[in-house]
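Chemist: quick one: sequence plus predicted model below, questions after.
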Amino acid sequence: MRAAASRDTKTKASGMAWRLATQPWQKHGPNKMKRKPLAFCRIVFYIHVLLLIKAVCLATIAVSLAYHPKSPRLSVTSATLNAAHIDELGDGGRGGERRAISANPTVIAAISSPNTKINIVLRYVRFDLYFEDSVIATQAVWPAPVQVAPGGSVLRRVHLVVSNMSVTQQDEIVWQNATAKGSGPVALRLAGRFHTQLNFDRWFIRYRYWVKQQCRLWLDRPPSGAL
């Protein structure tokens, strides 16, 4: 009897030990098995992303080497300065008069494409006129967009009105000397800002970016004010 009881006790003890040993496996085993497919899916996803990035980079390099894309260029075919003078705006404080410059220039701007295989679309065109380092006039060009064929160019007439623009005292003296009788020329700077779209028609690729081009203008004093 005692031997049988001892065997039963050992059997129960071994059974409990087996259950205790298997409980952690039953608790954590399925979770570990579930994590393996998730980790595998993540690895596959990251590999596909890296391959996609690499393919895009290689395609960009191939298109650049094949087409040699270039930004549109700005030039001025003609320009006139119809009027230019200095206005007094009243008391500027400390016993001085506030003064500003006014002018009426007109510019024929040429926007050309140096590309031979790429169509250019200018979705937004704006011109800024500078005297010294100050913006004295701004004009957007409509209608937009503007189409520029490969190797082609388009002309736009831009009327830039300068009305009572305050400048520094030094710039005022330069302006007065340049527009006085028997002097000149009047040095201006025309800057064009273009929202440019390059169309790679064969590849169905559209690439947009901003371009800023500029050129110098030396105009005779008004009223002739020729370029």
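Modeler: Sure, I can see it.
Chemist: what helix or strand is the closest residue to Tyr207 other than its chain neighbours on?
Modeler: Spatial nearest neighbour of Tyr207, chain neighbours left out: Leu198 (4.6 Å); criterion: C-beta to C-beta, 6 or more residues apart in numbering. In short, each C-beta sits where N, CA and C put it, glycine included. In the assignment (DSSP states H and E), Leu198 maps to strand 186-200.
Chemist: give the rounded mean pLDDT of that strand.
Modeler: For strand 186-200, mean pLDDT rounds to 93.
Chemist: chain center to it, what's the gap?
Modeler: Put simply, strand 186-200 sits 13 Å off its chain's centre (C-alpha atoms, centre = their mean, to the nearest Å).
Chemist: with stretch 105-121 instead?
Modeler: Centroid displacement of stretch 105-121 relative to its chain, using C-alpha atoms, centre = their mean, is 18 Å.
Chemist: in it, what counts as buried?
Modeler: Across stretch 105-121, burial judged by 16 or more other C-beta atoms under 10 Å covers Pro105, Val107, Ala109, Ile111, Ser112, Ser113, Asn115, Ile118, Asn119, Ile120, Val121.
Chemist: max pairwise distance over those: which two?
Modeler: Using C-beta to C-beta, the buried residues of stretch 105-121 span at most 32.4 Å, a distance reached by Pro105 and Ile118.
Chemist: just give me the neighbour total for Val125.
Modeler: Using other C-beta atoms under 10 Å, Val125 has 25 neighbouring residues.
Chemist: measure it to Ala187 for me?
Modeler: Look at Val125 and Ala187: by C-beta to C-beta, to the nearest Å, they are 24 Å apart.
Chemist: before we move on, what about Val174?
Modeler: For Val174, the distance to Ala187 - C-beta to C-beta - is 8 Å.
Chemist: and which of the buried residues of stretch 105-121 is nearest to Ala226?
Modeler: After measuring those against Ala226 - C-beta to C-beta - the closest member comes out as Pro105, at 11.3 Å.
Chemist: what's the helix or strand for that closest one?
Modeler: Here Pro105 is assigned to strand 96-112, by DSSP H and E.
Chemist: domain parsing of this structure, as residue ranges.
Modeler: Domain assignment for the chain, taken from automatic domain parsing, gives 1-67, 73-219.
Chemist: by mean pLDDT, show me the worst of the ones you listed.
Modeler: Taking the mean pLDDT of these, domain 1-67 comes last: a mean of 67.
Chemist: and the lengthiest strand in the chain, what does it pack against?
Modeler: Across the chain, the longest stretch assigned as strand under DSSP state E is strand 73-93. Applying 3 or more C-beta pairs under 8 Å, 6 or more residues apart in numbering; DSSP states H and E, one finds that strand 73-93 makes contact with strand 96-112, strand 162-166, helix 169-179, strand 186-200, strand 205-219.
Chemist: let's have those in CSV, adding distance to Trp142.
Modeler: Below are the helices and strands packed on strand 73-93 laid out as CSV (distance: least, C-beta to C-beta, whole Å):
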stretch, distance to Trp142
strand 96-112, 14
strand 162-166, 20
helix 169-179, 30
strand 186-200, 13
strand 205-219, 18
